[in-house]
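**Q** Sequence and predicted structure, then a few things I'm wondering about:
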Amino acid sequence: MPPNNKPTGNYSWGKIATDVTLLGFGIWAIDTVLKDYETPKKDDKKKSCHLLIFTSCHLTIMALTESDLVALIKMDTKDISPPSEEEKRGFYHGLPTCQRLIGRASSPAYRWASFEDQFLKFLESPNPCHNGCFVPRQAQLLPVGPHRIFEKFQDASFTSMFATCIWWLPWHSVEIYRIGALQDEYRPVVILVRVVHDEMHWGLVRNALIMCKNWLDLVDLGDVDVQICM
C-alpha cells in the first residue's frame, strides 16, 4: 500500500511553516475530540463529529459518528504498553531489515522473552539442535499463506481507513508477513508499519496501535497483529 503522507515537490520556508501550523492544529483538534469523548455525557443522543486529518500534502475531513470514534480509541483488553529498551533492540533479532521495534498491538497478549529469560530456559532444557550451545531466538519473515487479510487490502475503503489510523506517524511502507522464529508454534500475521525514525512521543504510537487494532477487530481481523518498526 503506497504511503499517503510523503511530501512532494520543493518546500519553501513559508510552506514548511504553514504545514507545521496545520499539523499542530490537527493534533490539537484530535486531542480535543478524544478528551471530549472521555467526558461523561448528559444525554445519549448520537451525534457526529468531524475529525480533521492533516498531512503535509493535503487536508482531509472525515465524518465519524460517536460510536465509530469510541470503538477505535477504546480497548476492552489490557492497555498497550511501550517496549523496553532491550525489547526494542532484540525483538527483531535475526532480521537485518527490521532494526528496531517501536511498538506492537500484541503487547497485552504476550510478553517478549528477553535474552536472559531465553538463556535461563536453555539451561533448563538445552536444545540438541544447536550442539548444546545457546542461540537466541531469531525472528524470520515468513509467507502469510491463505488469509482473508488480502481480500480486505484490495478494498479501497479498508486501506483508506487503515491509513487514517496511522496518518500522524512518519511511515513510509506497510507490509504483511508472518513474523516469528521457526521453533514458534504460532506465528501470527503481522501488518508491519515501517517508519523513518523513532523520535515519536509514545502517546502517538499508542493511539495509532489502538486505532489500528480496534479497526482490525471491527472488520473480523482480530488475529492480525500490528507492529511499528524502523
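**A** Here it is on my side, so go on.

**Q** buried residues in the longest strand seen in the chain?
**A** Taking DSSP state E as the assignment, the strand of the chain that covers the most residues is strand 171-180. With burial defined by 16 or more other C-beta atoms under 10 Å, the residues of strand 171-180 counted as buried are 171, 174, 177-180. Placement of C-beta: from N, CA and C, glycine included.

**Q** where's the dip in pLDDT among those residues?
**A** When those are compared by pLDDT, G180 scores lowest at 79.

**Q** need the contact list for that one.
**A** 139-140, 142, 186-188 (C-beta atoms under 8 Å, 6 or more residues apart in numbering).

**Q** Identify the bridge partners of it.
**A** For G180, the residues forming beta bridges with it (DSSP bridges) are Q140.

**Q** Same list, the buried residues of strand 171-180, but as CSV with distance to S125 please.
**A** Written out in CSV, the entries for these read as follows (distance: C-beta to C-beta, whole Å):
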residue, distance to S125
W171, 40
V174, 38
Y177, 29
R178, 26
I179, 24
G180, 20
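
**Q** how about the residues you listed, which pair is most distant?
**A** When C-beta to C-beta is used, the two most widely separated members of those are W171 and G180, lying 22.6 Å apart.

**Q** thinking P82 is in contact with W202, fair?
**A** Yes: in this structure, P82 is within contact of W202 by C-beta atoms under 8 Å, at 5.0 Å.

**Q** quick one: which of those two has more around it?
**A** More crowded of P82 and W202, by other C-beta atoms under 10 Å: P82, with 16 against 13.
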